[in-house]
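S.K.: fold the stuff below for me.
(chains A and B)
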Amino acid sequence: MYLQKISIDTMQRCMADKSKVRVKGTLSDDVGELLPYLNGVFDKTIYNHKMPKLEIEFEDKSHKIILTSKEVRVDRLSNSSQGRQVLDWLKEKINEIYAQQDQLEPDYKSLSNLKVPEVYKHLPQLNCAECGEQTCFAFATMYVKGDYDLQDCPPLFTAEFAEAKEELEAYLQEAMYKQS
Amino acid sequence: MEVYFDNAATSYPKPEIVHRKIFDFMKNLGVSAGRGAYKKAFEADRLVFETRKSLAELFNIDDLTRIVFTHNVTEAINLALKGLLESGDHVITSSLEHNAIRRPLKELERERGIETTFIECDQQGNLPLAKVEAAIKENTKLIACLHASNVIGKLLPIRELGQLANEFNLHFLVDTAQTAGVYPIDVKEMNIDLLAFTGHKGLLGPTGTGGLYIEEGIDLAPLRTGGTGNNAVSEYPPADLPNRYEAGTINVAGIVGLGAGVDYILEKGVAEIREYELELIDYALTELAKIEDLTIYGSLNPEQRVGVISFNFEELINHHDLAHQLDSEYQLMVRAGLHCSPLAHRTVGSFEFEGSVRVGLSYFNTKEEIDYLIKALKEIKQAL
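M.R.: Numbers count the residues shown, from 1 in each chain, chains lettered A, B, ... in the order given. So this is what the prediction gives:
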């Protein structure tokens, strides 16, 4: 077993939904080098290789795990028992992945490889604010931070911008997979 | 020699680790779980989580948040029955039941207008499955019964009852007071969707601990409401478990001790504990059966029992006097009376003697202690 313990340091109410709580914890061992492997194993991750930081959706539940080398945060929990359950699961997964590291391929697909101006270049540039941001540049900035999906930009999915969407996807594909 | 044979009431002694963990907690941590914003509170919370995790392993439960702590098995059964049953619902149970199931059912019959059917077991405690099946009606919602009798130790056919409940889409509540920790229990294999347990008997924890496993999809009305340490703004109890059913400060010290007890069992293995107890049961039954004029209630087949044995010198000496003599002259601690189970005594034929003497064996009893009991019984009998 590589990771010995994840201890909870704080438990606070969630910002968005005040009936929910979030916990922050500390890992007894540095998992920074394992993050690309975790990124490869889990679906629905958002990875930032520079920081490094990995966001994971917890199995079947609506909790979000944000993991760095030595710290972890779990959002949208109903109570502390759920938090412990998620952290317990995470610890087990990390140790499993550590044990099988030799047979796994690291996945360096990382949002941090993206350049905001390059993303912006392929957006519709209508500043329609349908995504919730005032400008397409703001959307590009937040997209690179992992706050949005492409689906959050409806005009991109219209016939008019089909070509732009294709170019953007090609860029994302190429840039995100590039090892930094 | 002092011998404790009342393990069916509360197990004693407990493994050394149980005392030590409770003492360590009380002395060095000692705070409420899940209520504070400091490290010690999170540590207490973690210890409670670890106990839930160990229990989940013991009973093969996937989601440990579905295990809620109560003060004992009686409270767990009350939560299950009162939280589930509504006017017009029908419940099937057995004639071996402890008052822990019988009384809440009778109360619900009177207060809420539920219907109950008590299936008669034979004198050996055999539950006729055909009669259970025949009793299932349109409005039957639940089969509720104990796993093993606290009077004669008889194991009920839980697997078969679970299959029946599954087949007819009924809920299945099992009172494991006499089996948890000493007999293998698997909620999935046995189709148990409500499992009530106590912490202070076979699970080797302290008194004041117990709990209920509630399968996902079942929403019980809480038995008590109040502070849960989360979502305090809401006027109503939270929907998520375990907090929904754990209003008020929980018994952290007790739960820590319970965790140590369960870990001890997991380390030994339930199969090994059962094997040792079977040896003791077999030996005790064989030796008791040799005593003239002693009536042993229930089956003499040890495989059909947990370590609970009831007997009487029927007309010769009252069970209370016998128990008193065993204690005062031999320091042998046994239980006498109805053991909160008048139905079971009626079923097995000891009600007319107002109950029986009961020996409750544990993993920590020995054959030498049984020899001492046999010697005492023979001497008392001779002097009558």
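S.K.: write out the residues of chain A neighbouring chain B.
M.R.: A:7-11, A:18-21, A:78-82, A:84-85, A:88 (C-beta under 8 Å from any C-beta of the partner chain). C-beta coordinates here come from the backbone N, C-alpha and C atoms, glycine included.
S.K.: filter those down to the buried ones and hand me the ChimeraX line.
M.R.: Selection of buried members from the residues of chain A next to chain B for ChimeraX, criterion 16 or more other C-beta atoms under 10 Å in any protein chain shown:
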select /A:8,11,20,21,78,79,80,81,82,84,85,88
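S.K.: okay, and which of the residues of chain A next to chain B map to strands?
M.R.: Counting by DSSP state E, the part of the residues of chain A next to chain B found in strands is A:7, A:8, A:9, A:10, A:11, A:21.
S.K.: tell me who's in contact with the nearest residue to the fourth one once chain neighbours are set aside.
M.R.: Leaving out its chain neighbours, the residue that sits closest to residue A:10 by C-beta to C-beta, 6 or more residues apart in numbering or on different chains is residue A:24, at 4.8 Å. Taking C-beta atoms under 8 Å, 6 or more residues apart in numbering or on different chains, we find residue A:24 in contact with A:8, A:9, A:10, A:11, A:12, A:71, A:72, A:73.
S.K.: does residue B:213 count as helix, strand or coil?
M.R.: Going by DSSP: H, G, I helix; E, B strand; the rest coil, the secondary structure assigned to residue B:213 is strand.
S.K.: who are the contact partners of it?
M.R.: If you count contacts by C-beta under 8 Å, 6+ apart, then residue B:213 has B:55, B:59, B:61, B:66, B:67, B:187, B:192, B:194, B:195, B:197 around it.
S.K.: nearest spatial neighbour of it, skipping sequence neighbours?
M.R.: In space, residue B:213 is closest to residue B:195, 4.1 Å off (C-beta to C-beta, 6+ apart).
S.K.: count the residues that sit near the nearest residue to residue B:136 once chain neighbours are set aside.
M.R.: In this structure, residue B:136 finds its nearest non-sequential neighbour in residue B:168, 5.3 Å apart by C-beta to C-beta, 6+ apart. Neighbourhood size, residue B:168 [other C-beta atoms under 10 Å in any protein chain shown]: 12.
S.K.: and the residue nearest the centre of chain A?
M.R.: residue A:46 (2.4 Å; C-alpha atoms, centre = their mean).
S.K.: now it. Its backbone dihedrals?
M.R.: Residue A:46 adopts backbone torsions of phi -130, psi 120, taken as degrees, to the nearest 10.
S.K.: isn't it right next to residue A:111, touching?
M.R.: Yes: using C-beta atoms under 8 Å, residue A:46 is in contact with residue A:111, at 6.1 Å.
S.K.: packing partners for the lengthiest helix in chain A?
M.R.: In chain A, ranked by residue count with DSSP state H as the criterion, the top helix is helix A:80-99. Packing partners of helix A:80-99 (3 or more C-beta pairs under 8 Å, 6 or more residues apart in numbering or on different chains; DSSP states H and E): strand A:6-13, strand A:21-27, helix A:35-41, strand A:64-67, strand A:71-77, helix B:39-59.
S.K.: all the helices of the stretch 251-384 of chain B, residue numbers only.
M.R.: Using DSSP state H, counting those that start in this stretch, the helices of the stretch 251-384 of chain B run over B:252-268, B:270-289, B:319-330, B:342-348, B:367-383.
S.K.: re earlier: partners of the residue nearest to residue A:10 in the sheet?
M.R.: residue A:10, residue A:73 (DSSP bridges).
S.K.: which positions in the stretch 201-350 of chain B make contact with chain A?
M.R.: Residues of the stretch 201-350 of chain B lying close to chain A by C-beta under 8 Å from any C-beta are B:228, B:229, B:230, B:231, B:233, B:234, B:238, B:239, B:240, B:241, B:242, B:243.
S.K.: got the contact list for the residue nearest to the fourth one when sequence neighbours are not counted?
M.R.: Spatial nearest neighbour of residue B:231, chain neighbours left out: residue A:19 (4.7 Å); criterion: C-beta to C-beta, 6+ apart. By C-beta under 8 Å, 6+ apart, the contact set of residue A:19 is B:231, B:233, B:234, B:238.
S.K.: touching, the last one and residue A:79? I think so.
M.R.: It refers to residue B:238. Yes: counting by C-beta under 8 Å, residue A:79 is a contact partner of residue B:238 at 7.1 Å.
S.K.: what's near enough to touch residue 156?
M.R.: The chain I'm using is chain A. Going by C-beta under 8 Å, 6+ apart, residue A:156 touches A:123, A:124, A:150, A:164, A:165, A:168.
S.K.: actually, chain B is the one I wanted.
M.R.: B:94, B:96, B:127, B:145, B:146, B:147, B:148, B:149.
S.K.: what pLDDT is listed against residue B:71?
M.R.: pLDDT recorded at residue B:71 is 97.
S.K.: that one: neighbouring residues, count only.
M.R.: Count around residue B:71 with other C-beta under 10 Å applied: 17.
S.K.: before we move on, back to that, now list whatever residues contact both of residue B:238 and residue A:79.
M.R.: B:228, B:230.
S.K.: tell me the residue furthest from the middle of chain A?
M.R.: Most remote from the centre of chain A, using C-alpha atoms, centre = their mean: residue A:160, at 29.9 Å.
S.K.: let me know the closest of the contacts of residue B:156 to residue B:382.
M.R.: Comparing those against residue B:382 with C-beta to C-beta places residue B:149 closest, at 30.6 Å.
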